[in-house]
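A.B. asks: coords please:
(one chain, ligands or ions: 1)
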Amino acid sequence: MNADKFIVPVADRVANLPPYVFATVFGMKEQALAAGREVIDLGVGNPDGRAPDNVIAALNVALNDTSWNCHRYSTFRGLPRLREAIAAWYYNRFVVQLDADSQTLPLIGSKEGIANLMRAYLNPGDTVIVPTPCYPAYFGAVRLCEAEIVEIPLREENGFRPVLGEIPADVAQKARMLLLNYPNNPTGGVCDLAFYAEAVAWCRANKVILVSDIAYSELGFDPDDQPVSVLQVPGAMDVAIEFQSLSKSHNLAGWRVGFAVGGNEVIAALGRVKSNVDFSLFGGIQMAAVEALAGNQQICHDNRKKYEQRAKALVAGYGALGWQVPMPPATMYIWARIPRSYGDDDFRFISEVFEQTGVLLSPGSGFGEYGKGYCRTSLVVDQTGIERVLALLGQADIKWD
Ligand SMILES: Cc1ncc(COP(=O)(O)O)c(C=O)c1O
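C.D. replies: Coordinates of the predicted model:
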């Protein structure tokens, strides 16, 4: 019997998933590692920092708490204490008032929540407007619902914000969702409340759900101009839903914890899908998330500083090689046009860099049509790692300007 063969093919919606551009990149990395080569992976946005001590301590307390058995199934909508912590965090951070019970929902990471929201609202053939470059998981989530993606450009000259007025009327008319992500992965672009107000008005006029993903809201570098929430726009609750994650702000990526906030109806619809496919987060992680949200927020401050310093060091180092790249105002990424001699062939550029140095960058085309000709550097190594990266790049035979 052939163990590699299965007698039934996968469903069309899986067979039709777009090819995952990063699979090739991961393949390159695995081959190099198998050959015993040094690899420095700046491709994936996987935070290198440890989870905060107070959050780890809270998990330990929950694990050993005999008065409450966190090892059982949780409740579908998560623990009331976590929902209350989410609502309080939203108020403290954005002065947005939420009903903890009906307007918040803990998630097994925001990636899960975004995909399940699409299952709640998209019918086969529906249209989703995806400004790109974007977080690549959006593509698969839309396709799994057999819906169509219309990409619209995030251009550098517009601060990586979409020009909503340029969306063709026929697209606006058939669209069900508009995805916005600020601070933006991969570009580092940010937006303000005026932009959100415009987006809310556009979505309301076109009866489109505004899906706001603020996974990087705690990684804005300017202390006097911190990222905002779409729910700060008066009346946004009837058209917008917002997703937040503790992965980047609190170094909890592997713990899988995030949450959604929005109006009762949209949160209930998301909860309804979830209750059919999962059982909320592990209780111990929920109690740890309460601590992450309600306790000391020093980790967010430390991460902001850390990523800003790393970005500065790499921008300066790339500049010294002759590769001029802009300093991002937020996130844990540097988004840069590839050197001119490579034209738009971002894949050739990152492949040559990798072949010659073992430093892995992400090809811009993996982030959508409008990522072509760019590449992303994840700021996931410390100062010593950055020095090593720059030394390796300095020895490479690459035309940087
Ligand atoms: C823009 C964006 N949204 C959501 C996520 C997913 O976060 P989580 O770990 O909460 O699923 C990521 C992860 O990289 C991201 O970049």
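A.B. asks: is the ligand contacted by the helix or strand of the chain with the lowest mean pLDDT?
C.D. replies: Sorting the helices and strands of the chain by mean pLDDT, DSSP states H and E puts helix 21-34 at the bottom, at a mean of 89. No. Contact of helix 21-34 with the ligand is not found when judged by Cβ under 6 Å from any ligand atom; the minimum separation is 11.8 Å. Any C-beta I mention is one placed from the backbone N, CA and C, and that applies to glycine too.
A.B. asks: residues near the closest residue to C191 other than its chain neighbours, how many?
C.D. replies: Once flanking residues are discounted, C191 sits nearest to Y182: 4.3 Å by Cβ to Cβ, 6 or more residues apart in numbering. Close neighbours of Y182, defined as other Cβ atoms under 10 Å, add up to 30.
A.B. asks: what does the one 4 residues further on give?
C.D. replies: When counting by other Cβ under 10 Å, one arrives at 30 neighbours for P186.
A.B. asks: quick one: which helix or strand includes it?
C.D. replies: Here P186 sits in a region with no helix or strand, counting by DSSP states H and E.
A.B. asks: residues contacting the residue nearest to it when sequence neighbours are not counted?
C.D. replies: Using Cβ to Cβ, 6+ apart and skipping the chain neighbours, the partner closest in space to P186 is R376 (4.2 Å). Counting by Cβ atoms under 8 Å, 6 or more residues apart in numbering, R376 makes contact with 43, 186, 333-336, 361-362, 364, 367.
A.B. asks: How about the residues of the stretch 151-300 of the chain by the ligand?
C.D. replies: 181, 185, 213, 215, 245, 247, 253, 258.
A.B. asks: Restricted to strands, list those residues.
C.D. replies: 181, 213, 245, 258 (DSSP state E).
A.B. asks: Drop anything exposed from these.
C.D. replies: 181, 213, 245, 258 (16 or more other Cβ atoms under 10 Å).
A.B. asks: I'd like these laid out as JSON lines, including pLDDT.
C.D. replies: Putting those into JSON lines (pLDDT from 0 to 100) gives the following:
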{"residue": "N181", "pLDDT": "98"}
{"residue": "D213", "pLDDT": "98"}
{"residue": "S245", "pLDDT": "98"}
{"residue": "G258", "pLDDT": "98"}
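A.B. asks: just the helices in the stretch 151-300 of the chain please.
C.D. replies: Assigned by DSSP state H, counting those that start in this stretch, the helices in the stretch 151-300 of the chain fall at 169-174, 193-206, 264-277, 283-294, 298-321.
A.B. asks: highest average neighbour count across those?
C.D. replies: helix 283-294 (a mean of 24; mean count of other Cβ atoms under 10 Å).
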